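K.L.:
Pasting the sequence and the predicted model now:
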Amino acid sequence: MNVHDLPTPALVIDRDLLHHNLRVMSAARPGAALRPHVKAHKCTALAAEQARGGHSSFTCATTREVLGMATAGLGDDLLLANEVVHPDLLGALAAAQDTARITLAVDSPATVEAAARAGLREVLVDVEVGLPRCGCRVEDAGRIADLARARGMEVRGVMGYEGHLMMDEDRAHQAAEVQLCVDRLLRAYHDVGGEVVSAGGTGTYQFHDRVSEVQAGSYALMDSDYARLGLPFEQACWVLGTVVSTNGQWAVADVGLKALAMDHGNPTIDAGTGGGSGGGGGDVWFFSDEHVTFAPRAAFPIVGERIRIVPAHIDPTMAKHEVAWVVRGDEVLEQWAVDLRGW
Ligand SMILES: Cc1ncc(COP(=O)(O)O)c(C=O)c1O
């Protein structure tokens, strides 16, 4: 199939650019030094590519991601880097331990108790290092680890996600702040023990020589927000749209906010082509449910032309699509299910 023939909106992944990104990250953080985060792509076929690159441990954000990875045979070492308290979800995780190694984040006596009651075998203490989200205080980490051990669970170590620093464009400032977060995480680790010190993401992976693993995800496909940091990764994913209306003043394509995440600002219309036409790019005026209205920068497109829209935030954009089309140039090579969607 040719990319021109895809019904739109279509989520497209460029295989060569994806592989470039996977290679660059694997060279920087080989094997177990990287625990790729599957929340960024929600796709077991893409995770399998990461596994072929030497990474057999993965980070997950939801129970669904853990169960899907286990079913796909990618369950060597799955970290659910989030707190879970619902007994049904915990029960499903516990049952999956027969086929996968599962480690759950805990950050309170209540989450330890819930995990123990459900029969989870391994946990990791989630430490707050500056992002006001999950994670215990540094001074509570040892006590939480002791509680977990007293309930018969293995404590594998600590994690601390410095999400508040991920998009800092002042890279020297970012590097210095990351070290302060790692200081906090290592203080907690001193009281917790284990073999895992897990942190970081695409924006900070270059500053993590004191942790055992980095949890980066977006690097594989990238988005326009991360592009601002000048990282050595290429934009490997976009949403293909079709111009459905044009009047000489503006043009409208069939890709709206139901096909693109908007939380990191407007996606951009790429100057590259969407498969042989629609080149030149455009300035976005606004998105509505199923439309983008834009001012073309070069020649006015005709109805039926294709445009490429680069997501501003890759993770929630992936979650809006059931399939990704893997292409090389204009050739569609295969179709990947975005099979880790949902909770
Ligand atoms: C717990 C956790 N670890 C790591 C990441 C890093 O992901 P990315 O590399 O996509 O920024 C995230 C992203 O939100 C996260 O929530």
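P.N.:
Yes, it's here.

K.L.:
and the longest helix along the chain, what does it pack onto?
P.N.:
Across the chain, the longest stretch assigned as helix under DSSP state H is helix 171-192. Counting contacts by 3 or more CB pairs under 8 Å, 6 or more residues apart in numbering; DSSP states H and E, helix 171-192 packs against helix 141-150, strand 154-160, strand 196-199. Where C-beta positions appear, they are placed from N, C-alpha and C, glycine not excepted.

K.L.:
residues of it that come out buried?
P.N.:
The neighbour-count criterion (16 or more other CB atoms under 10 Å) identifies 174, 177-178, 181-182, 184-189, 191-192 as the buried residues of helix 171-192.

K.L.:
Against the ligand, how distant is Gly200?
P.N.:
7 Å (CB to the nearest ligand atom, to the nearest Å).

K.L.:
With Thr317 instead?
P.N.:
12 Å.

K.L.:
Then His264?
P.N.:
Distance, His264 to the ligand, by CB to the nearest ligand atom: 11 Å.

K.L.:
and if you look at Cys43?
P.N.:
14 Å.

K.L.:
still on that earlier bit, hmm, who's touching the longest helix of the chain?
P.N.:
125, 127, 129-130, 136, 138, 141-142, 144-145, 155, 157-160, 162, 165, 168, 197, 199-200, 203-204, 206-208, 210-211, 229 (CB atoms under 8 Å, 6 or more residues apart in numbering).

K.L.:
what's the burial count for Ala116?
P.N.:
19 (other CB atoms under 10 Å).

K.L.:
Could I get the phi/psi values of it?
P.N.:
phi -60, psi -40 (degrees, to the nearest 10).

K.L.:
related to what we said a few turns ago, now the buried members of the contacts of helix 171-192.
P.N.:
125, 127, 129-130, 136, 138, 141-142, 144-145, 155, 157-160, 162, 165, 168, 197, 199-200, 203-204, 206-208, 211, 229.

K.L.:
If Val327 is in a bridge, with which residues?
P.N.:
Beta-bridge pairing of Val327 under DSSP bridges involves Asp14, Val332.

K.L.:
Can I get the helices and strands packed on helix 171-192 in TSV including mean pLDDT?
P.N.:
Below are the helices and strands packed on helix 171-192 laid out as TSV (pLDDT from 0 to 100):
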stretch	mean pLDDT
helix 141-150	98
strand 154-160	98
strand 196-199	98
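
K.L.:
As CSV, those with distance to Gly53 would be great.
P.N.:
Shown next, in CSV, are the helices and strands packed on helix 171-192 (distance: least, CB to CB, whole Å):
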stretch, distance to Gly53
helix 141-150, 32
strand 154-160, 22
strand 196-199, 19
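
K.L.:
Could you check the ones you listed and tell me which one is nearest Met25?
P.N.:
strand 196-199 (15.4 Å; CB to CB).

K.L.:
List of residues touching the following helix or strand past the closest one?
P.N.:
Once the chain leaves strand 196-199, the next helix or strand it forms, by DSSP states H and E, is strand 213-214. Applying CB under 8 Å, 6+ apart, the external contacts of strand 213-214 come out as 29, 32-35, 57, 196-201, 204-205, 208.

K.L.:
The same query, at a cut-off of 10 Å, please.
P.N.:
25, 28-29, 31-37, 55, 57, 59, 79, 157, 159, 196-202, 204-208 (CB atoms under 10 Å, 6 or more residues apart in numbering).

K.L.:
now check that strand, is it near the ligand?
P.N.:
No: Strand 213-214 lies out of reach of the ligand by CB under 6 Å from any ligand atom, never closer than 8.1 Å.

K.L.:
Without its sequence neighbours, what residue ends up closest to Leu74?
P.N.:
Ala47 (5.4 Å; CB to CB, 6 or more residues apart in numbering).

K.L.:
Phe286 too?
P.N.:
Nearest one to Phe286, counting by CB to CB, 6+ apart, is Thr293 at 5.6 Å.

K.L.:
Give me the helices and strands touching the helix or strand harbouring that neighbour, please.
P.N.:
Assessed by DSSP H and E, Thr293 sits inside strand 291-296. Under the contact criterion of 3 or more CB pairs under 10 Å, 6 or more residues apart in numbering; DSSP states H and E, strand 291-296 touches strand 237-246, strand 251-253, strand 268-269, strand 282-288, strand 306-310.

K.L.:
Now do the first one against strand 291-296, angle only.
P.N.:
Between the direction of strand 237-246 and that of strand 291-296, the angle (axes from the mean of the first three to the mean of the last three CA atoms, to 10 degrees) works out to 80 degrees.

K.L.:
And the ligand, is the longest helix of the chain touching that?
P.N.:
No: using CB under 6 Å from any ligand atom, helix 171-192 stays clear of the ligand, with a minimum separation of 12.3 Å.

K.L.:
Right, and the ligand sits closest to which residue of this protein?
P.N.:
Gly201 (2.7 Å; CB to the nearest ligand atom).

K.L.:
Just want the most central residue of the protein.
P.N.:
The residue lying closest to the centre of the chain (CA atoms, centre = their mean) is Ala40, at 1.8 Å.

K.L.:
where does it land on pLDDT?
P.N.:
Note for Ala40: predicted pLDDT of 98.

K.L.:
Kindly report the same for Pro301.
P.N.:
pLDDT, Pro301: 86.
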